[in-house]
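**Student:** can't give you the sequence, but here's the structure:
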Ligand code: HEC
């Protein structure tokens, strides 16, 4: 239980950090990286649950899905013109092919929306239900990173 609540609080802190950062738009690179960090934290929680490293509970499953949902709805707002250079892994393709990037954001948002519906209020009832809900969300990481993120 301690591990679960620790993971949930890390995810909550990450969400709070990204929402707090979202109010100041003088640092879009830092803001979008904070949002993606919350995605990384939620992926850590979700992956830990799937592998059985963290005992499953519906609340833990819901926390991971809700963090993904929040990120998918906000991330795309932090790529203004001029934020393509600096300490960022955002690929030039984001600005050269904005429609393609927006399509990846839309896939991410659609997957998290479906997962939220499947989760219901209390969260996915068991690990199989969680895997079914979260699996498609994990499927969206790779295609966006391949096309729109460079590894520094
Ligand atoms: C719509 C595109 C997109 C999707 C979907 C996406 N990412 Fe990212 N991700 C990015 C981009 C772009 C960056 C680089 C941002 C920057 O450095 O400005 C990034 C950066 C990251 C980072 C580094 C954050 C940091 O601290 O700088 C992590 C971790 C990450 N992504 C994990 C994930 C995981 C896990 C998923 C799937 C659940 C995912 N991402 C889905 C586009 C995406």
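**Tutor:** Nice, I can see it. Since this is a predicted model, take the numbers as computed values, not measurements.
**Student:** can you tell me the helix or strand for residue 61?
**Tutor:** helix 58-74 (DSSP states H and E).
**Student:** and that helix, what does it pack onto?
**Tutor:** helix 2-22, helix 28-50, helix 98-119, helix 127-148 (3 or more Cβ pairs under 8 Å, 6 or more residues apart in numbering; DSSP states H and E). All C-beta spots, glycine's among them, are computed from the backbone N, C-alpha and C.
**Student:** In it, which residues are buried?
**Tutor:** Using 16 or more other Cβ atoms under 10 Å as the test for burial, helix 58-74 gives 58, 60-72, 74.
**Student:** so which of the residues you listed also contact the ligand?
**Tutor:** residue 68 (Cβ under 6 Å from any ligand atom).
**Student:** what's the helix or strand just after the helix holding residue 61 packed up against?
**Tutor:** Once helix 58-74 ends, the next helix or strand along the chain (criterion: DSSP H and E) is helix 93-96. In terms of contacts (3+ Cβ pairs under 8 Å, 6+ apart), helix 93-96 is packed against helix 98-119, helix 127-148.
**Student:** For helix 93-96, give me every contacting residue.
**Tutor:** 79, 81, 84, 100-101, 147-148 (Cβ atoms under 8 Å, 6 or more residues apart in numbering).
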